[in-house]
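K.L.:
how does the following fold in three dimensions:
(chains A and B)
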There are 2 protein chains.
Amino acid sequence: MRVPRHIGVIPDGNRRWAQGQGMTKDKGYSYGIDPGYKLFKLCEKEGVQEVTFYGFTTDNTKRPEEQKRAFIDACIKSVNVIANEDAEILVVGNTKSELFPKELIKYTKRVICGKGGIKVNFLINYSWKKDLESLSSGDGTEKSLSRDIISSDISRVDMIVRWGGRRRLSGFLPIQSVYSDFYVIDEFWPDFKEKHFYDALDWYQNQDITLGG
Amino acid sequence: MRVPRHIGVIPDGNRRWAQGQGMTKDKGYSYGIDPGYKLFKLCEKEGVQEVTFYGFTTDNTKRPEEQKRAFIDACIKSVNVIANEDAEILVVGNTKSELFPKELIKYTKRVICGKGGIKVNFLINYSWKKDLESLSSGDGTEKSLSRDIISSDISRVDMIVRWGGRRRLSGFLPIQSVYSDFYVIDEFWPDFKEKHFYDALDWYQNQDITLGG
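P.N.:
Just a heads-up that it's a prediction; the model follows:
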């Protein structure tokens, strides 16, 4: 089986899921922590080398206070869960804002947890605009596109999997995603099932990888 | 009906279509000209204000000589067909390379054809890398992201429609596409049908537009 080297994860639908359960929207996020752990274990098992979770963006922080607190809290817990595993964690995002959780500052340079191994990136208070704006300090060469951006330690993404049915990137790593194959799962992220992961892998088998050629 | 203001078109599958017809791959491109015209007329009819066609990229120019000649020729003809209509044409791409068709140089600043109206952009010998590299001359502000890029006269894309079944952007306008809804049609571009366009519009009705919020 040809396994994507790097999988991007857009864990969408937490709020819609909560509403469907008769809860308020903010209650959905905590149900997204366990799916993240399960997906991580599957990636590890199948030999995926890098996985990037779309935590929250600076765009998201315009949401109501109780939602904001809930997703920030879920993100912190999600990182901590992986930190107990064998993994190499990196958190990328705007650390200058007070919305960036202090608990995660230590992961803004890659940290080897346990025996290390699979790279796990979390986009936390991430902004695609800030990521691209950083190119202004570059020298305008092709190398600069991977070297001078804020997310420079995150590699090209082979496959992006989005839960919750939306078919868009919503600002997810624009440079690393230019050639990514994009797989959408209609179910909401808290309803994550092992089958979703394997369906995505099966689908990926049939994609020709041309990198634009 | 809520019509997307700006539609991006990735007219893929010309070569696979040709093979299915028992032709050599290069023969497929000329069958993509008429679909482009039909799609343009539908956009005009439904009040779409801007449409961007993915012509060819600098990545594509690594293909065999006869394919290269065929897609360059089809692109020139596609632009000329629209130039006979009421439209405002812009061609964006690397003009410094000899692969950029001289016939299209005059469209590298927007040209009002007939009575003008719908903006029609063609990406010709386009490179997402060059587009982003141009940010190095910017001042690192948010405005720079839309002002200083090579494709600065192409606006945010609301919906991208790709023919030929692949679910990826393949370097299509990374900045303008960060929030785009992405609709994929399995049929090949030369098999374009009016129904594809209306299916995409119908689907678009059900997308919430949050721009990342």
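K.L.:
check contacts around A:Glu46.
P.N.:
Neighbouring residues of A:Glu46 by Cβ atoms under 8 Å, 6 or more residues apart in numbering or on different chains: A:1, A:3, A:201. Every residue, glycine included, has its C-beta placed from N, CA and C.
K.L.:
what comes into contact with the host helix or strand of A:Trp17?
P.N.:
Per DSSP states H and E, A:Trp17 falls inside helix A:14-20. Applying Cβ under 8 Å, 6+ apart, the contact partners of helix A:14-20 are A:24-29, A:31-32, A:67, A:71, A:164, A:188-191.
K.L.:
among those residues, which two are most distant?
P.N.:
Maximum pairwise distance among these (Cβ to Cβ): 19.3 Å, between A:Gln67 and A:Asp191.
K.L.:
what segments of chain A are helices?
P.N.:
Using DSSP state H, the helices of chain A run over A:14-20, A:33-46, A:65-83, A:128-133, A:142-147, A:194-205.
K.L.:
quick one: which of the ones you listed is nearest A:Val111?
P.N.:
Of all the helices of chain A, helix A:65-83 sits nearest to A:Val111, with 7.6 Å by Cβ to Cβ.
K.L.:
and that closest one, what other elements does it pack with?
P.N.:
helix A:33-46, strand A:50-57, strand A:87-92, strand A:111-113, strand A:118-126 (3 or more Cβ pairs under 8 Å, 6 or more residues apart in numbering or on different chains; DSSP states H and E).
K.L.:
A:Gln67 and A:Asp191: who's more crowded?
P.N.:
For A:Gln67 and A:Asp191, the more surrounded residue by other Cβ atoms under 10 Å in any protein chain shown is A:Gln67, and the numbers stand at 21 against 16.
K.L.:
for that one, what are its contacts?
P.N.:
Applying Cβ under 8 Å, 6+ apart, we find A:Gln67 in contact with A:15, A:25-26, A:29.
K.L.:
now A:Gly117: closest residue in space that isn't a chain neighbour?
P.N.:
Nearest residue to A:Gly117, sequence neighbours excluded (Cβ to Cβ, 6 or more residues apart in numbering or on different chains): A:Asp86, at 4.7 Å.
K.L.:
nope, A:Gln205 is what I meant
P.N.:
Spatial nearest neighbour of A:Gln205, excluding adjacent residues (Cβ to Cβ, 6+ apart): A:Arg2 at 6.0 Å.
K.L.:
would you confirm that the one you found contacts A:Tyr204?
P.N.:
Yes: the criterion here is Cβ atoms under 8 Å, and A:Arg2 meets it with A:Tyr204 at 7.2 Å.
K.L.:
these two - which one has more neighbours?
P.N.:
Legend: neighbour count by other Cβ under 10 Å for A:Arg2 and A:Tyr204, higher for A:Tyr204 (19 against 11).
K.L.:
and the residue nearest to A:Gly117, how many residues sit next to it?
P.N.:
13.
K.L.:
residues contacting it?
P.N.:
Contacts of A:Asp86 were listed using Cβ under 8 Å, 6+ apart, and they are A:44, A:113-118.
K.L.:
mark which of these are buried, thanks.
P.N.:
A:44, A:113, A:118 (16 or more other Cβ atoms under 10 Å in any protein chain shown).
K.L.:
and of the residues you listed, the nearest to A:Ile154?
P.N.:
A:Ile154 has its nearest neighbour among these in A:Ile118, at 13.5 Å by Cβ to Cβ.
K.L.:
mind checking which residue lies nearest the centre of chain A?
P.N.:
Centroid check for chain A by Cα atoms, centre = their mean gives A:Phe53 as the closest residue, at 1.6 Å.
K.L.:
these two touch, right, that residue and A:Val9?
P.N.:
Yes: here A:Phe53 reaches A:Val9: they are 4.9 Å apart, a contact under Cβ under 8 Å.
K.L.:
please enumerate the shared neighbours of these two.
P.N.:
With Cβ under 8 Å, 6+ apart applied, the overlap between the contact sets of A:Phe53 and A:Val9 consists of A:Gly36.
K.L.:
by contact count, what packs against the helix or strand of chain A with the lowest mean pLDDT?
P.N.:
Within chain A, judged by mean pLDDT, DSSP states H and E, the helix or strand with the poorest mean is helix A:142-147; its value is a mean of 91. Taking 3+ Cβ pairs under 8 Å, 6+ apart as contact, the helices and strands that helix A:142-147 lies on are helix B:128-133.
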